[in-house]
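>>> Have a look; sequence and predicted model below, questions after that.
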Amino acid sequence: MSDRIVLEAGTQHLQGEVRLAVTDAGTDDAGPYAAVRIGSFPATTDVRLRTGVPHQLPDGRMLHLAGVGPVGRRRPSVALEITAAP
Amino acid sequence: MNGSPGQVRAAATILTTAGEIGMTSSDAIDGLDVETWEGSAADGFRDRRQKLSAEVDHHGTDLMRAGLTLERYAGEMEACDTEIAAARTAVVQGWDAWRANPIDVTALTLIAKSMNDLSVAAHKREQFAIHAADQLYALIASDSTNLPGLTWPPAGWPPAPSLPTVPIPGGLDGTSPYDPLDVSQGSIGDCYLLASLMALMQTDEGDQLLRDNLRWDPDRGGYWVTLHVDGKEVVYFVDRAQQNGALENGDPGIVSIFENAVNQHLQFNDLNDGGWPADALELLTGKDTKVYEDRTLLGWDWDDIRDDVRDGDQLVAATREGKKEGMWPVEAQRPGPDGTMQTVNVDIVGSHAYTIVSVEKNGDVVLMNPWGRDNGADGGGPIRISEDDFTRIFHQIASTGDGK
């Protein structure tokens, strides 16, 4: 069972008890990325999320980057998937 | 077309004419008289007729909207071109005067002001182009999920416009004051709208304006919401809030209602893809909006901005693209638990909109982030930053005032 959310860069989402904010997204030399801020101020963690490299959230669940897109929009958005703790 | 108002207008005429034909054709299809025809074939025909009529009407409406978008864009381009031409003439006059008299301070002032006017007009023209493109994109993307390059999110994911909605409580048009501190933006990229709503919620007049533009309909269980489009009132019916949209104290509220109405007006892709506070303020208030910009060495018109704040006008500021993972780290001040001002390190979100709460005598600016309470950038509530930081981070202020 997984949760799928699409976030515009510059927006936030409360996923259960975990607050996620996408602060930047795009493609660099290493491929697609999403800069995600996890948590509430001031107890936050910044992650540069990559496809295929999940990040463990404070509650144990895993945060995955499914994609960045689309091309041609004013600002990027990201598709995030949250799966159960491994 | 390549930026020619005449050619854009010609394209607009083609689209609106095609739209009119589509809408007339839909009426004609509706008018096909088959009332005396009965049986399963007749039922099938009526069903198909209804669907075809709706489809043709829908496409006609989209063509009409696209035409009107281009028509408006052509007018905006013409207005900007007039400003650009006037600024260029003034620059030439300034140079001529300066060459004739190198110590002519008035000539130098005229050159500087005209260069600024030129830059502002060119930037405005660029913004109008982006806005028009967004609206056209929204028209296309809302219907064409299979177009290559426009398909988003990934295959199999629910498209954002089809996200489920949640109920809105009734009676929010009552008398209890609205509090901007209650607002928190959700997953929708409409900070420009929420920061504008929060700016209105800061004052009694703004509160009243929002209330005046809302009417609870107990029979239908929803709200009639008035927006202002090109000087005309446009009314939308809202009985649901976007899931993952804006909330107040964790529940759908007044901002959710306006968010839904603007969603109906702009369509989701345009609502969600960012926008300009000036457009949002005009949509909400029906008033012309003054835009202050700091694009040249001349700096901000602080005296005019302070006058607007003092007059109780609503001001919303837009940030430049963030330098560090989309953010601008900055030292700010905010009230601590004991009420005294404390210095904290926060982040200002890049490419984002903030409500201006006040501009202090020493130039400090007090802001509020529509992300709201407990957000990851600043924790929510008013934060105070220096004039230097404001100038470094922000590039535009939209105001309902006139700078006087």
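On my side now, so go ahead.
>>> Count residues in the vicinity of residue 65, would you?
Picking chain A for this. Neighbourhood size, residue A:65 [other CB atoms under 10 Å in any protein chain shown]: 24. In short, each C-beta sits where N, CA and C put it, glycine included.
>>> ah, I was thinking of chain B
Burial measure for residue B:65: 18 neighbouring residues, criterion other CB under 10 Å.
>>> Look up phi and psi at it.
Main-chain torsions, residue B:65, degrees, to the nearest 10: phi -60, psi -40.
>>> could you measure it against residue B:108, distance?
47 Å (CB to CB, to the nearest Å).
>>> cool, and residue B:55?
The gap separating residue B:55 from residue B:108 is 62 Å, by CB to CB.
>>> Would you state the helices of the stretch 151-300 of chain B in chain order?
B:191-201, B:204-212, B:254-266, B:268-272, B:277-285 (DSSP state H, counting those that start in this stretch).
>>> Please identify the most buried of those helices.
helix B:191-201 (a mean of 28; mean count of other CB atoms under 10 Å in any protein chain shown).
>>> Can you tell me which helices and strands that one packs against?
Helix B:191-201 makes packing contacts with strand B:183-184, helix B:204-212, helix B:254-266, helix B:277-285, strand B:315-319, strand B:353-359 when contacts are defined by 3 or more CB pairs under 8 Å, 6 or more residues apart in numbering or on different chains; DSSP states H and E.
>>> what about it, distance to the chain center?
Centroid separation for helix B:191-201 versus its chain: 10 Å, with CA atoms, centre = their mean, to the nearest Å.
>>> got the CA positions of it in PDB?
Once non-C-alpha atoms are left out, helix B:191-201 reads as follows in PDB (Å, rounded to 0.1, in the frame of the first residue of the first chain):
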ATOM      1  CA  CYS B 191       0.500  31.000  -3.000                       C
ATOM      2  CA  TYR B 192      -0.300  34.200  -5.000                       C
ATOM      3  CA  LEU B 193      -4.000  33.700  -4.300                       C
ATOM      4  CA  LEU B 194      -3.700  32.700  -0.700                       C
ATOM      5  CA  ALA B 195      -1.200  35.500   0.200                       C
ATOM      6  CA  SER B 196      -3.700  37.900  -1.400                       C
ATOM      7  CA  LEU B 197      -6.600  36.500   0.600                       C
ATOM      8  CA  MET B 198      -4.500  36.700   3.700                       C
ATOM      9  CA  ALA B 199      -3.800  40.400   2.900                       C
ATOM     10  CA  LEU B 200      -7.500  41.000   2.700                       C
ATOM     11  CA  MET B 201      -8.200  39.100   5.900                       C
END
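>>> between that helix and helix B:254-266, how many degrees?
For helix B:191-201 against helix B:254-266, the angle by axes from the mean of the first three to the mean of the last three CA atoms, to 10 degrees is 130 degrees.
>>> CSV for the helices of the stretch 151-300 of chain B, including mean pLDDT?
As requested, these are exported to CSV (pLDDT from 0 to 100):
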stretch, mean pLDDT
helix B:191-201, 97
helix B:204-212, 93
helix B:254-266, 93
helix B:268-272, 81
helix B:277-285, 95
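>>> Make JSON lines out of those helices and add distance to residue B:99.
Output for the helices of the stretch 151-300 of chain B, formatted as JSON lines (distance: least, CB to CB, whole Å):
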{"stretch": "helix B:191-201", "distance to residue B:99": "44"}
{"stretch": "helix B:204-212", "distance to residue B:99": "50"}
{"stretch": "helix B:254-266", "distance to residue B:99": "49"}
{"stretch": "helix B:268-272", "distance to residue B:99": "48"}
{"stretch": "helix B:277-285", "distance to residue B:99": "38"}
